[in-house]
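Undergrad: Here's my sequence, what's the structure:
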Amino acid sequence: MKKIFNKWSWLILILLGGFVLIGPHTDSLVSALDKGIYKDIKTFNEVFDMVKKNYVDEVEPQSLIQGAINGMVKTLDPHSAFMNADMYKELEVETQGRFGGIGIEITLLKDVLTVVSPIEDTPAYNAGIKSGDQIIKIDGKSTKDITIMEAVKKMRGPKDTKVTITIMRENAAKPKDFVLTRAIIQIKSVKAKTLEDNIGYIRIASFHERTSDDLRNALKEVTEKLSPLKGLVLDLRNDPGGLLIQAIEVSDMFLKSGIIVSTRGRTKNMESKTNARDNGSEITCPMVVLVNEGTASAAEIVAGALQDNGRALIVGTQTFGKASVQTIIPLENGAALKLTTARYYTPKGRSIQAEGIKPDIVVKYLRQTEDLTDNGWDDRIREKDLKGHIKPAKEDGTKLDEKQIKAIKDSSDLTKDNQLKTAIDILKSWDIMKKNLNS
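TA: Prediction:
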């Protein structure tokens, strides 16, 4: 899908983004600095010089400068980050959906490295790592004050090498070591199956470079097996997001017209609006989209686009609530800055930042008997729980009140899945309701 995105679009995460940052000329910025900022810069130079000359051990000036940059960016929000050249290369690899590692999504929750969710069919998932687990050590070294990018670098590595992570779990008496063997994490972002009564099921686990192509193939497979296709369940539960352009392409496969997403930042060049295009191949059958507290970022864009355009019913529980846009800005020395530059809005102008998408039909996941022994964290991590999260705002920039919604743990076991059953029941009765309404 060739829209208005430039050559960097494939790098922009959702996490979210899709635009090259173009700021005012440096001279105009300098002229606007007040005397107080000049004094602070002078203080920084004095501290830098004293540390470099007098610290008990010799330190590399470059390390001090990078530490200062990290500290500056860390004060902004949980999603902005400075990446050195190695970290930037890791990010490029990750967007391709294939890398060596253990397979977990992580964040900093109250300054503690915390698992958002394990990725299905990976070493971490198979070892029993759970959402909410606190990673207090990596290979015996404390994770106190570690950045997410540093943690990722420590846990990534060549296939068949080992890494030990020390986990503290709620209600556990003491920490537990997990020795994990790294594998090639090749994220299969799209899975498909056929259900009863000519209903198709497609799950999107994340949004990376191949997601739209994988979805196109999955839709072709499902429609060939089910003729006619009477309904489709699109499962976005526990989907942490990914590339913005992929979220747009996925939405466009189900929409013939209408706005998909818009963005708004402090500067005019951060404003955009993307519309669906009718190419004649869109799926037109009734749709139900499943969401939960783990549905974030790019996945929320898709859910919001389909909901606001009246294309699908949204079923499940309130989503994560990440609606901020991050732009990847390459720097001259091979490093890069991932900077929050805008908020995104659903087609009806809703900002769901720190709020999430509200389902049309709320269906909480019912835990099975065997799940009750899980030491598990019934309150899932959401954007509003992250320290320094971007505040929600209306389209005109005014603030919204945050809403506290209790989150319910989900499961990927479709044979015991009451949320999926609800979606199937809705689609089964669609034709009956349509006939009754028209009669």
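
Undergrad: Can you mark which positions in stretch 310-322 are buried?
TA: Within stretch 310-322, the residues that count as buried by 16 or more other Cβ atoms under 10 Å are 311-322. All C-beta atoms are positioned from the backbone trio N, CA, C, and that covers glycine.

Undergrad: And stretch 66-86, by the same measure?
TA: 70, 73-74, 77-84.

Undergrad: what two of the residues you listed have the greatest distance between them?
TA: The largest separation in the buried residues of stretch 66-86, counting by Cβ to Cβ, is between Asp77 and Asn84 at 19.9 Å.

Undergrad: what residues are up against Ala323?
TA: 16, 297, 300, 343-345, 351-353, 392 (Cβ atoms under 8 Å, 6 or more residues apart in numbering).

Undergrad: from those residues, which ones fall inside helices?
TA: Among the contacts of Ala323, the residues falling in helices (DSSP state H) are Glu300.

Undergrad: Closest to Arg156 out of the contacts of Ala323?
TA: Nearest to Arg156 among the contacts of Ala323, with distances taken as Cβ to Cβ, is Ser297, at 21.1 Å.

Undergrad: Tell me how many other residues surround the closest one.
TA: Neighbours of Ser297 under the rule other Cβ atoms under 10 Å: 30.

Undergrad: per-residue confidence at the residue nearest to it when sequence neighbours are not counted?
TA: Excluding the flanking residues, the one nearest Ser297 by Cβ to Cβ, 6 or more residues apart in numbering is Gly241, at 2.7 Å. For Gly241, the pLDDT comes out at 88.

Undergrad: what about Gly241, how many neighbours?
TA: Neighbours of Gly241 under the rule other Cβ under 10 Å: 25.

Undergrad: now swap in Glu58 and tell me
TA: Applying other Cβ under 10 Å, we find 7 other residues in the vicinity of Glu58.

Undergrad: To which secondary structure element is it assigned?
TA: Glu58 is part of no helix or strand when elements are defined by DSSP states H and E.

Undergrad: swap in Glu221?
TA: helix 211-225.

Undergrad: Can you give me the buried ones in that helix?
TA: Applying 16+ other Cβ under 10 Å to helix 211-225 flags 211-212, 214-215, 218-219, 222 as buried.

Undergrad: now swap in stretch 126-140 and tell me
TA: For stretch 126-140, using 16+ other Cβ under 10 Å, the buried residues are 127, 129-135, 137-138.

Undergrad: ends of that stretch, how far apart?
TA: End-to-end distance for stretch 126-140: 22 Å, by Cα to Cα, to the nearest Å.

Undergrad: and that stretch, average pLDDT?
TA: Rounded mean pLDDT across stretch 126-140 is 93.

Undergrad: Same question for stretch 324-340.
TA: What stretch 324-340 shows for mean pLDDT is 91.

Undergrad: Against which helices or strands is the lengthiest helix in the chain packed?
TA: As assigned by DSSP H, the longest helix anywhere in the chain is helix 35-54. Counting contacts by 3 or more Cβ pairs under 8 Å, 6 or more residues apart in numbering; DSSP states H and E, helix 35-54 is packed against helix 61-74.

Undergrad: relative to helix 35-54, how tilted is the helix it packs on?
TA: Between helix 61-74 and helix 35-54, the angle comes out at 140 degrees (axes from the mean of the first three to the mean of the last three Cα atoms, to 10 degrees).

Undergrad: I'd like to know which elements helix 61-74 is packed against.
TA: helix 35-54, strand 81-83.

Undergrad: Residues contacting it, please?
TA: 44, 48, 51-52, 80-82, 84, 147, 337, 339.

Undergrad: 10 Å instead, please
TA: 44, 47-49, 51-52, 55, 59-60, 80-84, 108, 145, 147, 149-150, 333, 335, 337-340, 387-388 (Cβ atoms under 10 Å, 6 or more residues apart in numbering).

Undergrad: where does the stretch 51-200 of the chain have low pLDDT?
TA: 94-97 (pLDDT under 70).

Undergrad: Please enumerate the helices of it.
TA: 61-74, 85-95, 123-127, 148-155 (DSSP state H, counting those that start in this stretch).

Undergrad: Same question for the stretch 201-350 of the chain.
TA: 211-225, 244-252, 298-308.

Undergrad: Kindly reformat these as TSV containing mean pLDDT.
TA: Below are the helices of the stretch 201-350 of the chain laid out as TSV (pLDDT from 0 to 100):
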stretch	mean pLDDT
helix 211-225	95
helix 244-252	95
helix 298-308	97
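
Undergrad: Using CSV, lay out the ones you listed together with distance to Asp235.
TA: Below are the helices of the stretch 201-350 of the chain laid out as CSV (distance: least, Cβ to Cβ, whole Å):
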stretch, distance to Asp235
helix 211-225, 12
helix 244-252, 13
helix 298-308, 10
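
Undergrad: Can you give the domain ranges for the protein?
TA: Using automatic domain parsing, the domain parsing of the chain gives 99-186, 190-328+343-379+393-438.

Undergrad: Comparing these, which comes out most buried?
TA: With neighbours taken as mean count of other Cβ atoms under 10 Å, the domains of the chain reach their highest mean count in domain 190-328+343-379+393-438, at a mean of 19.

Undergrad: Using the three-state scheme, assign Leu420.
TA: Following DSSP: H, G, I helix; E, B strand; the rest coil, Leu420 is assigned to helix.

Undergrad: dump the residue contacts of it.
TA: Contacts for Leu420 (Cβ under 10 Å, 6+ apart) come out as 195, 201, 203, 233, 235, 237, 288, 290, 315-316, 363, 365, 411, 413-414.

Undergrad: Just give me the closest of these to Ser117.
TA: Arg237 (10.2 Å).

Undergrad: For the closest one, which non-adjacent residue is closest in space?
TA: Nearest one to Arg237, counting by Cβ to Cβ, 6+ apart, is Asn292 at 4.4 Å.

Undergrad: The one you found against Asp417, yeah?
TA: No - if you go by Cβ atoms under 10 Å, Asn292 and Asp417 don't touch, sitting 11.2 Å apart.

Undergrad: Just give the number of residues close to Asn54.
TA: 7.

Undergrad: how near is it to Thr181?
TA: 45 Å (Cβ to Cβ, to the nearest Å).

Undergrad: can you check Gly321 too?
TA: 35 Å.

Undergrad: Can you list the low-confidence ranges for the stretch 251-400 of the chain?
TA: In the stretch 251-400 of the chain, residues with pLDDT under 70: 367-400.

Undergrad: which residues in it form strands?
TA: Ranges of strands in the stretch 251-400 of the chain, per DSSP state E, counting those that start in this stretch, are 259-265, 272-275, 287-291, 313-316, 324-330, 336-345, 361-362.

Undergrad: closest to Ser189 out of these?
TA: With respect to Ser189, and counting by Cβ to Cβ, the nearest of the strands of the stretch 251-400 of the chain is strand 287-291 at 15.9 Å.
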